[in-house]
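Engineer: build me a model from this:
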Amino acid sequence: MAYHHGDLRRALLQGAIELLAEGGPAHLTMRGAAQRAGVSPAAPYRHFTDKREMLAAVAEEGFLALERACVAAVGEGVEDPVEAFWRRGVAYVRFAIEHPAHYRVMFGPEIPDKRAYEDLYRAATSAYEALRSSLRACVSAGLFGEDQVELRAMRAWAEVHGLASLFLDGQFNVEDVISKEAFLVRVGEVLRLEAQVLEKGADTLSRARRPAL
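Structural biologist: Have a look, this model is predicted:
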């Protein structure tokens with residue numbers, strides 16, 4: 001990869017992503033990213049104080065790209081909030097399996113507190129707020145109450161994150177080899193079940209009952 005004047009930061013991040021794809025965070029070094037970018041070992045320090053800050057930049061880039069993918073998947077003219085919610089879920093999983101280097105850093109242990117990096121924290125919280133917004137659209141459609149948004153957001157995130165992580169870790173290939181596209185078809189079917197629950201309101205939270213005396 002050749003470095004061209006004016007895009008050093010981009011070239012370094014691309015080098016970092018290549019190293020992450022090859023061997024994960026342990027494989028990434030500042031020197032290695034510089035070598036991939038075709039610059040001196042000191043060059044990365046113009047933009048990043050250390051390896052963790054470089055990883056934070058990769059994660060930030062990932063969250064921004066994830067939200068763009070979700071927005072693109074929903075598109076314009078989709079008025080049904082449940083359909084929009086379903087599309088966002090499939091787009092999330094697709095992004096994860098197509099960009100595993102980004103995805104593992106976004107949710108990995110290398111950056112335990114995203115608040116330490118303002119831009120990363122903003123990107124991560126914005127992505128989660130977009131999920132909440134998609135559920136508030138369901139509230140506006142009368143599918144459930146505002147008091148359920150946070151719990152449903154947690155459940156939805158856990159579901160898509162779990163599906164993506166299990167695939168990336170090879171857990172869905174234990175018995176049969178499954179392609180990415182075939183897996184995404186299954187993901188779509190799984191999330192359709194979740195969409196049906198939203199439409200029917202079958203999982204509305206019930207109030208705890210006092211036991212009979």
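Engineer: all contacts plus neighbour counts: C-alpha atoms, from now on.
Structural biologist: Fine.
Engineer: which of the residues in the helix or strand of the chain with the lowest mean pLDDT are buried?
Structural biologist: Ranked by mean pLDDT, DSSP states H and E, the weakest helix or strand in the chain is helix 180-200, scoring a mean of 87. Counting neighbours by 16 or more other CA atoms under 10 Å, one finds that the buried residues in helix 180-200 are 183, 184, 187, 188, 190, 191, 192, 194, 195, 198, 199.
Engineer: from those residues, which is closest to residue 48?
Structural biologist: Lowest distance from residue 48 to those (CA to CA) belongs to residue 184, with 36.0 Å.
Engineer: about what we covered before: could I get the buried residues of helix 180-200 in TSV, plus columns for distance to residue 98?
Structural biologist: Below are these laid out as TSV (distance: CA to CA, whole Å):
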residue	distance to residue 98
183	12
184	11
187	14
188	16
190	19
191	19
192	21
194	23
195	24
198	28
199	30
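Engineer: the protein: helices as residue ranges?
Structural biologist: 8-23, 30-37, 51-74, 81-98, 100-107, 118-140, 149-168, 180-200 (DSSP state H).
Engineer: chain center to the first one, what's the gap?
Structural biologist: Just to be clear, that refers to helix 8-23. Relative to its chain's centre, helix 8-23 lies at 19 Å (CA atoms, centre = their mean, to the nearest Å).
Engineer: list the buried residues of it.
Structural biologist: 8-9, 11-21.
Engineer: pLDDT value on residue 172, please?
Structural biologist: Residue 172 is assigned 83 on the pLDDT scale.
Engineer: so it sits against residue 182, correct?
Structural biologist: No: proximity of residue 172 to residue 182 does not meet the contact threshold set by CA atoms under 8 Å, at 11.3 Å.
Engineer: how is this protein partitioned into domains?
Structural biologist: 1-48, 51-200 (automatic domain parsing).
Engineer: least confident of these, on average?
Structural biologist: Looking at the domains of the chain, the bottom one is domain 1-48 with a mean of 89.
Engineer: got a list of what residue 191 touches?
Structural biologist: Contacts of residue 191 were listed using CA atoms under 8 Å, 6 or more residues apart in numbering, and they are 86, 89, 90.
Engineer: tell me the contacts of the first one?
Structural biologist: Going back to what we said before, that points to residue 86. 188, 191, 192, 195.
Engineer: the residue nearest to the last one when sequence neighbours are not counted: how many residues sit nearby?
Structural biologist: When you say that, I think you mean residue 195. With CA to CA, 6 or more residues apart in numbering as the criterion, residue 195 has its nearest non-adjacent residue at 6.0 Å, and that residue is residue 82. A count of nearby residues for residue 82, using other CA atoms under 10 Å, gives 23.
Engineer: hang on, residue 82 packs against residue 194?
Structural biologist: No: contact criterion CA under 8 Å: residue 82 and residue 194 do not qualify, at 9.4 Å.
Engineer: what about residue 164, distance to residue 183?
Structural biologist: From residue 164 across to residue 183, the span is 10 Å (CA to CA, to the nearest Å).
Engineer: distance to residue 45 added to the contacts of residue 191, as JSON lines?
Structural biologist: Listed next are these as JSON lines, based on distance: CA to CA, whole Å:
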{"residue": "86", "distance to residue 45": "42"}
{"residue": "89", "distance to residue 45": "37"}
{"residue": "90", "distance to residue 45": "38"}
